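Trainee: fold the stuff below for me.
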Amino acid sequence: MIKNSFPISIDNEQEQLLLKAKINLLQQELNEIEQKTASFETVLRSHLENELIEEQELTVLYKKLQLAKKERRFAQKKKGKNFKQVGGLKVIAKNSTNSPIEDNQKEKKRLYREAMLFVHPDKFSMHDEKIDLATEVTTKLIKIYQTGNLAELQIFHTHIFSGNAMMHFYEESEKITNSKEDSYLQIELEKLEKQLQIAKTKHTYKVLTEYENPLTFIDELKEYYHDRIFKLKKRTRKANMFDL
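Mentor: Okay, here's the model as predicted:
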């Protein structure tokens, strides 16, 4: 009895091998660029710790003020002509007096700054879908630092560094069902090409590769953040900031 056999397409097999080889090369290049960029950004953040933290705190406060203003306007609209505004906007700070021990306060500040730098929205500038999530996490971090105790901050600090705080579930825009191996590989190749293009055009990577001395970028960033902090302070001058 003669068994029917279907010949394997050598061309198709070679094409798959070629695609896999291209994918491996692109992945290696992407990994190298992302590692270099991440290392450079770590150096930048180490020189801008105070500015990054103050800017984020003021940004969160400014958003609170804007929300309060919006709610006031809505209330005024509801009451019509008879509406009378009582006093100005007041933001009342709750002092963190849970632990009077100085060591606890120092530990709280250390954990807070460490966590803030780890999840600061600027760290996710390449991932638009994570910026809002990072803002949400830092807002909660600020609240815990200002009103919570050391134990609460330690728990949230652990939560952040476990990676769970920034968990994001992606929904693929293109679902691949019963696709051929070469089609899948082609999609992976195109995806990597896009990621590589984004990685190469990221500003910090361009600074790293195009500046004669990339560390001079620190001065540019300091100038940018000082200007932004100055403007945010003007916009939030009516609010009482916490002594951080």
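Trainee: so where is the protein shaky, pLDDT-wise?
Mentor: 1-11, 80-101, 125-129, 164, 167-182, 184, 239-244 (pLDDT under 70).
Trainee: name the single longest helix found in the chain.
Mentor: Longest among the helix segments of the chain by residue count, using DSSP state H, is helix 10-47.
Trainee: helices and strands around that one, which ones?
Mentor: If you count contacts as 3 or more C-beta pairs under 8 Å, 6 or more residues apart in numbering; DSSP states H and E, helix 10-47 packs onto helix 181-201, helix 203-210, helix 217-235. All C-beta atoms are positioned from the backbone trio N, CA, C, and that covers glycine.
Trainee: residue 77 is nearest to which of those?
Mentor: Between residue 77 and those, the tightest spacing by C-beta to C-beta is seen for helix 217-235, at 23.1 Å.
Trainee: which of the helices and strands packed on helix 10-47 sits closest to residue 67?
Mentor: Per C-beta to C-beta, nearest to residue 67 of the helices and strands packed on helix 10-47: helix 217-235, 13.4 Å.
Trainee: who touches that closest one?
Mentor: With contact meaning C-beta atoms under 8 Å, 6 or more residues apart in numbering, helix 217-235 is reached by 44, 47-48, 51-52, 54-55, 58-59, 61-62, 65, 204, 207, 211.
Trainee: one more: stretch 48-66?
Mentor: By C-beta under 8 Å, 6+ apart, stretch 48-66 touches 45, 89, 91, 113, 116-117, 120-122, 135, 138-139, 142, 218, 221-222, 225-226, 228-229, 232-233, 235-236, 238-239, 241, 244.
Trainee: can you tell me which of these are buried?
Mentor: 45, 113, 116-117, 120-122, 135, 138-139, 142, 221, 225, 229, 232, 236, 239 (16 or more other C-beta atoms under 10 Å).
Trainee: re earlier: check which residues of the longest helix of the chain are buried.
Mentor: Applying 16+ other C-beta under 10 Å to helix 10-47 flags 16, 19, 22-23, 26, 30, 33-34, 37, 40-41, 44-45 as buried.
Trainee: residues contacting residue 160?
Mentor: Neighbours of residue 160 in contact, by C-beta under 8 Å, 6+ apart: 115, 118, 119, 137, 141, 166.
Trainee: just how off-centre is stretch 34-49 within its chain?
Mentor: How far stretch 34-49 lies from its chain's middle: 14 Å, per C-alpha atoms, centre = their mean, to the nearest Å.
Trainee: ugh, typo on my part, it should be stretch 54-67
Mentor: Taking mean C-alpha positions (C-alpha atoms, centre = their mean), stretch 54-67 and its chain are 16 Å apart.
Trainee: going by neighbour count, which residues of that stretch are buried?
Mentor: Per 16+ other C-beta under 10 Å, stretch 54-67 contains these buried residues: 54, 55, 56, 57, 58, 59, 60, 61, 62, 65.
Trainee: cool, and stretch 63-80?
Mentor: residue 65.
Trainee: dump the C-alpha coordinates for it into PDB.
Mentor: Listed next in PDB are the C-alpha coordinates belonging to stretch 63-80 (Å, rounded to 0.1, in the frame of the first residue of the first chain):
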ATOM      1  CA  LYS A  63      -4.800  68.800  39.100                       C
ATOM      2  CA  LYS A  64      -6.600  68.800  42.500                       C
ATOM      3  CA  LEU A  65      -7.100  72.500  42.300                       C
ATOM      4  CA  GLN A  66      -8.400  72.300  38.800                       C
ATOM      5  CA  LEU A  67     -10.900  69.700  39.800                       C
ATOM      6  CA  ALA A  68     -12.000  71.700  42.800                       C
ATOM      7  CA  LYS A  69     -12.400  74.800  40.500                       C
ATOM      8  CA  LYS A  70     -14.500  72.700  38.100                       C
ATOM      9  CA  GLU A  71     -16.700  71.400  40.900                       C
ATOM     10  CA  ARG A  72     -17.200  75.000  42.200                       C
ATOM     11  CA  ARG A  73     -18.200  76.200  38.800                       C
ATOM     12  CA  PHE A  74     -20.700  73.400  38.500                       C
ATOM     13  CA  ALA A  75     -22.200  74.200  41.900                       C
ATOM     14  CA  GLN A  76     -22.400  77.900  41.000                       C
ATOM     15  CA  LYS A  77     -24.200  77.000  37.700                       C
ATOM     16  CA  LYS A  78     -26.700  74.900  39.600                       C
ATOM     17  CA  LYS A  79     -27.500  77.600  42.100                       C
ATOM     18  CA  GLY A  80     -27.800  80.300  39.500                       C
END
